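1. Need a 3D model of the following:
(2 chains)
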Amino acid sequence: MKNIRMKVARVEKDFSQDQLAKMIGVSRQTINAIEKGDYNPTINLCIAICHALGKTLDDLFWSEEDTLDQDAE
Amino acid sequence: MNTEKVIGFICGVGVALLLVWAVLKRSNTDGSTHTEYDERQKVIRGIGFKYGFYTLITYLFLLMLAEIAELKLPVSTSVIYFTGIVISGLVLSGYTIMHDAYWGLNNNIQFYTRFLMSIGVLNLIFGFAEMFRHQMIVGGILQDNFINFEAGILLAGIGVMLLIRSRQNRREEDGE
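-> This next block holds a predicted model:
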């Protein structure tokens, strides 16, 4: 599943994929893979991305579906 | 193999190791001999090594079958084994290149590319020279000097895949 919220947060900060990648010490292709939903990052990388974009884990990586599933339980 | 050949081989490997160390020192932007990969690249490289390993196992299994069937291949023993290394190396490189895990984060890509290209071209030149001197096939058997040609093919193959992938990446960056 595409991570649109991460892409939007990056664009809001006016960062290119390459700039964000350099900030957190990964390759540009890794950022691209996360945004396209081709790669699920570890929690450490999620936190690094959140710090760089000034967002919380919930803002970027918690999907509405997960919340709905919890409510249903 | 005679003693001179063994000593020559050991010296050759020693010089090659020294060269590899010197190249590694120069090929990373931070002067380290260790290439850094991010977490996704490490996963991809692991899968690449798995496929490379399976390829080598399959190749050796086929060789074993040929041996059992008493099939005499018109190829020198070292070429047979080196072919396995080339094929599995191409599988590993191809997989990591196509999944953007070939270049590490601290690699000096320009230097690396130039270095690999020169080694590839040199090997191809040696290979063609042997071919033109009619030393490649002697007595109907493909000789050891075909290894130069194979190494050239391996590096040329890697070069072509890198070119294709870098074009795809450029297009991807434009549409970012």
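2. do the helix or strand where residue B:155 lies and chain A meet?
-> Using DSSP states H and E, residue B:155 sits within helix B:146-174. Yes - judged by CB under 8 Å from any CB of the partner chain, helix B:146-174 comes into contact with chain A through B:169, B:172-173. From N, CA and C alone the C-beta is placed, and that goes for glycine too.
3. Return the members of the residues you listed classed as buried.
-> Buried by 16 or more other CB atoms under 10 Å in any protein chain shown: nothing, out of the residues of helix B:146-174 next to chain A.
4. Pipe those residues into a markdown table and attach pLDDT per row.
-> A markdown table is the format used below for the residues of helix B:146-174 next to chain A (pLDDT from 0 to 100):
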| residue | pLDDT |
| --- | --- |
| B:169 | 87 |
| B:172 | 79 |
| B:173 | 76 |
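5. From the residues you listed, pick the one nearest residue B:81.
-> Using CB to CB, residue B:169 comes nearest to residue B:81 of these, at 34.6 Å.
6. I figured residue A:55 was touching residue A:8, is that so?
-> No - Residue A:55 lies out of contact with residue A:8 (CB atoms under 8 Å); the separation is 10.0 Å.
7. the bottom helix or strand of chain B by mean pLDDT?
-> Within chain B, no helix or strand scores below strand B:137-138, which has a mean of 84 by mean pLDDT, DSSP states H and E.
8. quick one: strands adjacent to it?
-> Applying DSSP bridges, strand B:137-138 is found paired with strand B:141-142 (antiparallel).
9. before we move on, the earlier item: what packs against the helix holding residue B:155?
-> Judged by 3 or more CB pairs under 8 Å, 6 or more residues apart in numbering or on different chains; DSSP states H and E, the packing partners of helix B:146-174 are helix A:28-36, helix B:77-98, helix B:109-132.
10. Try it again at 7 Å.
-> Applying 3 or more CB pairs under 7 Å, 6 or more residues apart in numbering or on different chains; DSSP states H and E, one finds that helix B:146-174 makes contact with helix B:77-98, helix B:109-132.
11. Nearest to residue B:158, out of the ones you listed?
-> helix B:77-98 (4.9 Å).
12. average pLDDT for the closest one?
-> Here helix B:77-98 scores 95 as its mean pLDDT.
13. can you tell me which residues contact the closest residue to residue B:149 other than its chain neighbours?
-> Of all residues not flanking residue B:149 in the chain, residue B:127 sits nearest, at 3.0 Å (CB to CB, 6 or more residues apart in numbering or on different chains). Taking CB atoms under 7 Å, 6 or more residues apart in numbering or on different chains, we find residue B:127 in contact with B:148-149, B:152.
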